[in-house]
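Q: show me how the following folds:
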Amino acid sequence: MNTIRLTMAQALLRFLDQQYVSVDGMETKFVKGIMGIFGHGNVTGLGEALERSAGSLTFIQGKNEQGMVHAAAAFAKQHGRKQIYACTSSIGPGALNMVTAAATATVNRIPVLLLPGDNFACRQPDPVLQQLEVPADYTVSAVDAFRPVSRYFDRIVRPEQLISAAFQAMRVLTDPAETGAVTLALPQDVQAEAYDYPASFFEKRVHIIDRRPASGDAVQRAAALIAGKSRPLIVAGGGTHYADASKELAAFAEAFGIPVAETQAGKSILPWNHPQNMGAIGVTGSLAANRLAQEADVIIGIGTRYSDFTTASKSAFGREDVKFVNLNVSGFDSAKLNGLQLTADAREGLTALHQALAAANYRSGYGKTELAELKADWDSEVDRLYALESDEGLTQTRALGVVNETLLPSDVIVCAAGSLPGDLHRLWRSTEPRTYHMEYGFSCMGYEISGAFGAALAEPDRDVYAIVGDGSYLMLHSELVTSLQERKKMTVLLFDNHGFQCIHNLQRGHGSDGFGNEFRYRDSESGRLAGDYMQMDFAAHAQSMGAKAYKANTAEELRAALLQAREETVTTLIEIKVLPGTNTSGYESWWRVGVPEVSVSGKVTDSHREMAEQISKAREL
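A: Numbering: from 1, shown residues only. Predicted structure coming up:
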């Protein structure tokens, strides 16, 4: 047998450099490169391999381990899960910094390959620097924290184990139904150990991502169920994007007169002004979509995992007799809400279901102008919110309106947490697919800037905008420096509303007077954070790292700054002062949170009773 003697780390890189995927006959190199921060757990092993034996793999230096994994996940998401960056770290804190981002990728079904350094397999220098010692189980290390947040986990304690581990990793990373974070723990001594690897291990491999067809019987069952209903509603999730099913969804909705509501992950699958597009659904939904959901007799969920924000904690669908048809490539998701399972690729499933319903001459029972009137009313509400002025300053909805009107249709926006995702889900008017990049599966604060960098790597010919609150910016902004280093421009739109105002609104809405969520100075009399707002110069902070920066306090200043930022050639930040509490809310939706049954505050116990009443109306299944 022909063999090649390499260290385990060198062999891993050579293997990754030869992995490709093929979708619909289009072949793509799967692993673009490695993002990393070096430490004693990986610098002399994988680091040496990257320095001298990287092949065509690109290396990007991260600034924060969590941030670089967010960037890698955003890159994969923007590429439709057809290309990835792997991420490497040292052992201990460097590795653990990646755990949050690993969970973010897994929850959102995004492929990322994580290569954390690990303790010495030989145990000779035990305990090594940064080792987590577990007296009851000495096989456990800090890296075991990745197990619950990974779709596949392996620890390579002998160099030859790489062969089976690498194949299993690729199996999961390229499976649309199973993908998420994949973690290969790499003990630092094993990274540097040599082995005679079979030369065939390094041959080019093309992983065919077949579109899973819909079962004929399942299609007929789904068509029969839908054909017996008059008020269907489509809930379009992220799976519609990953299946490139925009055209098929539009044709399906138009042919049968079925309205479409979009989840956070599904938004932009149809243009905002498409006649069947009723906008966002659920807790952050439009009035049009939420009213249709209450009266729908069948929900056709396409590529959605039915999160509690989508279902409004299972209260969005009001009819007791409502049925669910769940078209999803994942059997785990297609089984939700006791639905009829149509486990298939979204595009294949839509095509088959379209044919079956056409053969049955199906048409929904909505009134001639019902959908158009609902949509027109909601469009008017968006216009009102986009134009909403205040004598006290710039409202958040007005600022978003200016941004939406000024950006080009092909521009990509990235967001993740706070009050901005709700406003964007309800109000943002997308006209092209994959221009709305929202991480809302985990709603991970700090994703925004890292994610925008990843999206800019994936979309070098588009302008990418991170829309971020001041709270998220303070949590994680380090990959802004990486964007400058890599010369990948993005524009950061920083909405400064003096704190964690989304959660501030949530607590006040359930009996609190407001506690611990605003960026205020500590008051000397009360001892609480109740003094004046802290004044932070975010524009100066960005400039200190090498970015361009502007400030905007009015709609006119914001529009001018956006136009100036477009002309800049490097990453640019616009600091936008907005009034706290000027975000959207409500629109006949509800979200369950835990409200104390007992409190010294009557407002809290009143809120508990209201919550209990809402819970009694929600679905169990």
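Q: who's in contact with Glu203?
A: Residues in contact with Glu203 (Cβ atoms under 8 Å, 6 or more residues apart in numbering) are Gln18. C-beta here means a position set from N, CA and C on the backbone, and glycine is covered the same way.
Q: what separation do you get for it and Ala245?
A: Look at Glu203 and Ala245: by Cβ to Cβ, to the nearest Å, they are 33 Å apart.
Q: could you measure from the spatially most central residue of the chain over to Leu573?
A: The residue lying closest to the centre of the chain (Cα atoms, centre = their mean) is Glu439, at 2.3 Å. Noted for Glu439: a distance of 20 Å to Leu573, by Cβ to Cβ.
Q: got it, and Ala218?
A: 50 Å.
Q: compare those two (neighbour count), which wins?
A: Using other Cβ atoms under 10 Å, the more surrounded residue of Ala218 and Leu573 is Leu573, with 30 against 20.
Q: Ser544 is in contact with the more buried one, correct?
A: No. Leu573 lies out of contact with Ser544 (Cβ atoms under 8 Å); the separation is 11.0 Å.
Q: how about the closest residue to Gly45 other than its chain neighbours, what does it touch?
A: Of all residues not flanking Gly45 in the chain, Gln191 sits nearest, at 2.7 Å (Cβ to Cβ, 6 or more residues apart in numbering). Going by Cβ under 8 Å, 6+ apart, Gln191 touches 7-9, 42, 44-46, 49, 117.
Q: tell me, how many residues neighbour Glu486?
A: By other Cβ under 10 Å, 16 other residues sit near Glu486.
Q: check whether it really touches Ile60, as I assumed.
A: Yes. If you go by Cβ under 8 Å, Glu486 and Ile60 touch, sitting 6.3 Å apart.
Q: and for Phe332, the neighbour number?
A: The burial count assigned to Phe332 is 11, neighbours taken as other Cβ under 10 Å.
Q: before we move on, what SS does it have?
A: In three-state terms, and counting by DSSP: H, G, I helix; E, B strand; the rest coil, Phe332 is helix.
Q: roughly how far does the closest residue to it other than its chain neighbours sit from Asp333?
A: Of all residues not flanking Phe332 in the chain, Ala177 sits nearest, at 7.8 Å (Cβ to Cβ, 6+ apart). Ala177 sits 9 Å away from Asp333, going by Cβ to Cβ.
Q: which of the two has more neighbours?
A: Neighbours were counted for Ala177 and for Asp333 using other Cβ under 10 Å; Asp333 has more, 22 against 17.
Q: wait, Arg221 touches Leu340, no?
A: Yes. Between Arg221 and Leu340 a contact is recorded at 6.0 Å, counting by Cβ under 8 Å.
Q: which of those two has more neighbours?
A: Set side by side, Arg221 and Leu340 give different neighbour counts by other Cβ under 10 Å, the larger being at Leu340 (19 against 16).
Q: give the bridge partners for the more buried one, please.
A: Beta-bridge pairing for Leu340 (DSSP bridges): Val325.
Q: and it, what does it touch?
A: Contacts for Leu340 (Cβ under 8 Å, 6+ apart) come out as 218, 221-222, 225, 323-326.
Q: between those residues, which has the most around it?
A: That'd be Asn326 among those, by other Cβ under 10 Å, with 28 neighbours.
Q: show me what contacts it?
A: By Cβ under 8 Å, 6+ apart, the contact set of Asn326 is 301, 304, 333-337, 339-342.
Q: and if you look at Val322?
A: Listed by Cβ under 8 Å, 6+ apart, the contact set of Val322 reads 296-299.
Q: what's the closest non-adjacent residue to Lys63?
A: In space, and not counting its chain neighbours, Lys63 is closest to Ser478: 3.7 Å by Cβ to Cβ, 6+ apart.
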